[in-house]
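K.L.:
coords please:
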Amino acid sequence: MIGLSTHRLQWTLQLLRHRCGRAGTAALALGAVALLALYGQILPGIDEATARLATESAETDRLRREVAAGQSGAARQAMPAAATYTGFLRTHAELALQQGIELTDIDFATRPEAGQRYLRHTLRYAVDGPYPALRAYLEAVERLPGARIDSVSLVRALDRDGAVNALVQLSYLVEAGS
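P.N.:
A predicted model of the protein is given here:
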């Protein structure tokens, strides 16, 4: 019984090769393998990926709702008023004095944002001092409400051991007209 089906299969393959040629037989075999791969591995993988995407989308939606709920009302951090800019500059200078670093070549600029609702005050200046003090100063400035350090470029000072020179750009965002 096994021999008969084997002979039948061989005869069918020879007939197929005779009618289609070697290239046609190879193309049919490749097509059969592709169909087996499609139904055996690819389609279940697509279903699994679709389920994972649905789970991730639900998680993203949940996180968006949490963030939106956290930003409403009292949970939103209050923007500093425009009148606080002078106090910010004073605090900024005191932080530099506390850390024993020197601020030089200070350049100020102010520009309105968000349809004149906010003012962004930008300070560009050079800082000289030891690296640990400079790092502590920048960390303290970054914790001030409304302040953001936009960029820092460090250069090792050649004349003093352990000292660095830095160019700092700092922004302070406030509500206009308050």
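
K.L.:
what about the helices in this protein?
P.N.:
Along the chain, counting by DSSP state H, helices occupy 2-37, 43-70, 85-99, 131-142.

K.L.:
which of these sits most buried?
P.N.:
Mean neighbour count (mean count of other CB atoms under 10 Å) peaks for helix 131-142 among the helices of the chain, with a mean of 17. From N, CA and C alone the C-beta is placed, and that goes for glycine too.

K.L.:
show me what contacts Thr84?
P.N.:
146, 174 (CB atoms under 8 Å, 6 or more residues apart in numbering).

K.L.:
per-residue pLDDT, the residue most central in space within the chain?
P.N.:
In the chain, the C-alpha nearest the mean C-alpha coordinate belongs to Thr60, at 15.5 Å (CA atoms, centre = their mean). pLDDT for Thr60: 89.

K.L.:
measure it to Ala54 for me?
P.N.:
Distance from Thr60 to Ala54, counting by CB to CB, to the nearest Å: 11 Å.

K.L.:
that older thread, what would the helices of the chain look like in a markdown table with distance to Arg120?
P.N.:
Converted to a markdown table, the helices of the chain look like this (distance: least, CB to CB, whole Å):
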| stretch | distance to Arg120 |
| --- | --- |
| helix 2-37 | 57 |
| helix 43-70 | 24 |
| helix 85-99 | 11 |
| helix 131-142 | 16 |
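
K.L.:
mean pLDDT for those: which is lowest?
P.N.:
helix 2-37 (a mean of 78).
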